[in-house]
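Asks: Structural data only, the sequence is not supplied:
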Ligand code: HEM
């Protein structure tokens, strides 16, 4: 038996029970081994202050896995995997299309898409919130941002759904599914690359056209950088937004008094989303890689180590949040770390909030009563992301 106090004897639990075990594990780890190495040599960081440091101190904790994880070099190119100064150049160009003004311009389209999706479900008293609204909404918004022509939308939606599957599949238990996803992923790359080239030659009014033609301080995105950005959106913006919406509806279902207050006073909605992001963040942890030896939480992490910064566990740190296991949208301030921190802070945070607020407002407008279908067994994605695969709702139209 390994008796090193920093070594974990238990791997982080899966989420099959909806997080109970994970948060119990997190509570124990924060108290007893806040920086710990597991049997595979992976380091886990669990307290709020340390997690903040790992995700934002890019001089010590790199986002680029290629020096540490063999076989990852072929995936190079995503801005999520870049460090400054390379990252800065790409981010400066891309952040142009996520300005508050650009996001506000998307609002009517988001509103219309959400309404169209609920129109399709009109008259029904049973919904699957994932399939009926929370997944197709962000897929359509991303298609809009990328300017995917209507004739290609069906193909694009299939790829997007497959990429969402890929993020949550387990290569050990689902090798065949992984192969299929791998093949599909090649198709998306080819399509996005061609699409970026077309937009560069013939810009349209969409954000991708603006992106591929923008010149910021002499830096223009190459076709490959633009394609990689398209992929980041598919990977970073879909399942996260879906889960933010379904987790919020789930939290309200468990707090009926609060749900009634929100229905009566819609100005509470933004704070409800923030509290859900703290309480059940869609991204459980983010990885970083040490360059040299780094001291953190009184422990020295060796060079070239994979470090997992647990956003979900940090968001429940009693050193930062009073009564952290209570779902309380009235907590002020609420400095949760669900969107990360530092140079990689989520570029889509404002858009995700917009989509969520529109979706929840519309659900409350259309249905006098919304509840998780009694007796429905909720199946959670097992790892990495926090949310259900389907959310069966029983609804009463107004
Ligand atoms: C609730 C929904 C979302 C959550 C919880 C979320 C969370 C995150 C987090 C934690 C990061 C930082 C990753 C890191 O530091 O390594 C990130 C980055 C990013 N997110 Fe989001 N995200 C969400 C929605 C979106 C949406 C809707 C978009 C775009 C439409 C988006 C685009 C991005 C991009 C482009 C980055 C990379 C930024 C960079 O590397 O500089 N995200 N997101």
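Replies: Thanks, I have it. All figures in this text were calculated on a predicted structure; none of them were measured in a lab.
Asks: What residues does this protein have near the ligand?
Replies: 55, 63, 79-80, 91, 232-233, 236-237, 240-241, 244, 282-283, 286, 338-340, 344, 346-348, 351-352 (C-beta under 6 Å from any ligand atom). (C-beta placed from N, C-alpha, C; glycine too.)
Asks: In helices, which of those appear?
Replies: 55, 91, 232-233, 236, 240-241, 244, 351-352 (DSSP state H).
Asks: In these, find the pair that's most separated.
Replies: 91 and 244 (22.4 Å; C-beta to C-beta).
Asks: neighbour count winner among the two?
Replies: residue 244 (25 against 18; other C-beta atoms under 10 Å).
Asks: surely that one meets residue 276?
Replies: Yes: with contact defined as C-beta atoms under 8 Å, residue 244 counts as touching residue 276 (6.6 Å).
Asks: Torsion angles phi and psi at the residue of the chain found nearest the ligand?
Replies: Taking C-beta to the nearest ligand atom, the ligand has its nearest neighbour within the chain at residue 348, 1.9 Å off. With angles defined as degrees, to the nearest 10, residue 348 sits at phi -100, psi 10.
Asks: next one: the one 10 residues further on
Replies: Taking degrees, to the nearest 10, you get phi -60, psi -40 for the backbone angles of residue 358.
Asks: check contacts around it.
Replies: The contact partners of residue 358, by C-beta atoms under 8 Å, 6 or more residues apart in numbering, come to 107, 110-111, 114.
Asks: Tell me, how many residues neighbour the residue nearest to residue 79 when sequence neighbours are not counted?
Replies: Of all residues not flanking residue 79 in the chain, residue 90 sits nearest, at 4.9 Å (C-beta to C-beta, 6 or more residues apart in numbering). Residue 90 is flanked by 22 other residues according to other C-beta under 10 Å.
Asks: if we can go back for a sec, sitting in strands, which of the contacts of residue 358 do you find?
Replies: Of the contacts of residue 358, none are assigned to strands by DSSP state E.
Asks: from those residues, which would you call buried?
Replies: 110-111, 114 (16 or more other C-beta atoms under 10 Å).
Asks: Mind telling me what element the nearest residue to residue 313 once chain neighbours are set aside is part of?
Replies: Spatial nearest neighbour of residue 313, excluding adjacent residues (C-beta to C-beta, 6+ apart): residue 26 at 3.5 Å. For residue 26, the host element (DSSP states H and E) is helix 20-32.
Asks: Where does pLDDT dip in the protein?
Replies: For the chain, applying pLDDT under 70 flags the ranges 1-10, 74-75, 168-175, 177-184.
Asks: Report the contact partners of residue 219.
Replies: 89-90, 92-93.
Asks: what's the spacing between residue 163 and residue 192?
Replies: For residue 163, the distance to residue 192 equals 11 Å [C-beta to C-beta, to the nearest Å].
Asks: overlap in contacts of the two?
Replies: Shared contacts of residue 163 and residue 192, counting by C-beta under 8 Å, 6+ apart, come down to residue 231.
Asks: higher neighbour count, those two?
Replies: residue 192 (25 against 20).
Asks: A helix includes the more buried one, no?
Replies: Yes: assessed by DSSP: H, G, I helix; E, B strand; the rest coil, residue 192 belongs to a helix.
Asks: my guess is it contacts residue 232, does it?
Replies: No: using C-beta under 8 Å, residue 192 is not in contact with residue 232; the gap is 10.9 Å.
Asks: Give me the common contacts of the two.
Replies: With C-beta under 8 Å, 6+ apart as the test, residue 192 and residue 232 reach no residue in common.
Asks: Could you check what's spatially nearest to residue 395, not counting adjacent residues?
Replies: Per C-beta to C-beta, 6+ apart, closest to residue 395 is residue 367, 4.2 Å.
Asks: what is that neighbour paired to in the beta sheet?
Replies: With DSSP bridges as the criterion, residue 367 is bridged to residue 397.
Asks: who's in contact with it?
Replies: Counted by C-beta under 8 Å, 6+ apart, residue 367 has contacts 395-398.
Asks: Not counting its neighbours along the chain, what's nearest the most centrally placed residue in the chain?
Replies: Central residue of the chain (C-alpha atoms, centre = their mean): residue 240, 3.2 Å from the mean position. Nearest residue to residue 240 in three dimensions, chain neighbours excluded: residue 282, at 4.3 Å (C-beta to C-beta, 6+ apart).
Asks: neighbours of that neighbour, just the number please.
Replies: Other residues close to residue 282 by other C-beta under 10 Å number 25.
Asks: I'd say it and residue 338 touch.
Replies: Yes: look at residue 282 against residue 338 with C-beta under 8 Å: they come within range, at 7.1 Å.
Asks: for stretch 124-140, the distance to its chain's centre please.
Replies: Between the centre of stretch 124-140 and the centre of its chain there are 17 Å (C-alpha atoms, centre = their mean, to the nearest Å).
Asks: How about stretch 72-82?
Replies: Using C-alpha atoms, centre = their mean, the offset of stretch 72-82 from its chain centre is 17 Å.
Asks: Now residue 263: which helix or strand?
Replies: Judged by DSSP H and E, residue 263 forms part of helix 256-264.
Asks: Let me see the residues that make contact with that helix.
Replies: So helix 256-264 is contacted by 252-253, 268-269, 272, 327, 329, 364, 370 (C-beta under 8 Å, 6+ apart).
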